[in-house]
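fold the stuff below for me.
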Amino acid sequence: MVFDTIQNIRVNEEDVLVEYARPGGSIARLTLLAVLRDACREVGVVIDFDTRIEGSAELEGYDLVVAADGINSTLRHEFGDAF
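Now for the predicted structure:
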């Protein structure tokens, strides 16, 4: 089998080589975020970017929270055992 696409992914300090028999597709991260943002706004979802919270009590009443603040996350520290 001939592999047209080869991708190297680094996982836990180790390289994992992934080979595909045919080319795959992808979308740029910022393009994907714009598509998702626009789709959310079309159905009335309110999006707040760059909003720091000090604890889970501030999230009461929200249906969905997507957080990407990494290792210094307030919620990561508050619910450390769950992560």
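
name whatever forms a beta bridge with residue 9.
Judged by DSSP bridges, the bridge partners of residue 9 are residue 16.

what's the burial count for it?
Residues contacting residue 9 under the criterion other Cβ atoms under 10 Å number 9. Every C-beta, even on glycine, is put in place using the N, C-alpha and C of the backbone.

does it touch residue 19 like I think?
No. Counting by Cβ atoms under 8 Å, residue 9 stays clear of residue 19, with 11.5 Å between them.

does the most centrally placed residue in the chain count as helix, strand or coil?
With distances taken as Cα atoms, centre = their mean, residue 68 lies nearest the centre of the chain, 7.0 Å away. Assigned by DSSP: H, G, I helix; E, B strand; the rest coil, the conformation of residue 68 is coil.

confidence score at it?
Residue 68 carries a pLDDT value of 74.

return the helix or strand in this structure with minimum mean pLDDT.
Ranked by mean pLDDT, DSSP states H and E, the weakest helix or strand in the chain is strand 5-11, scoring a mean of 79.

part of a strand, is residue 51?
No. Counting by three-state DSSP, residue 51 falls outside a strand, being coil.

report the separation between it and residue 15.
Using Cβ to Cβ, to the nearest Å, we find residue 51 at a distance of 36 Å from residue 15.

what of residue 40?
Separation of residue 40 from residue 15 (Cβ to Cβ) stands at 36 Å.

repeat for residue 58
Here residue 58 is placed at a distance of 40 Å from residue 15 (Cβ to Cβ).

burial measure for residue 70, as a count.
By other Cβ under 10 Å, the residues close to residue 70 number 7.

same question for residue 69.
The tally of other residues near residue 69 (other Cβ under 10 Å) stands at 13.

let me see the contact set for it.
Residue 69 sits next to residue 52 when contact means Cβ atoms under 8 Å, 6 or more residues apart in numbering.

before we move on, what about the one 5 residues further on?
Contact criterion Cβ under 8 Å, 6+ apart gives 52-55 as the residues in contact with residue 74.

go on, residue 79?
Contacts of residue 79 by Cβ under 8 Å, 6+ apart are residue 56.
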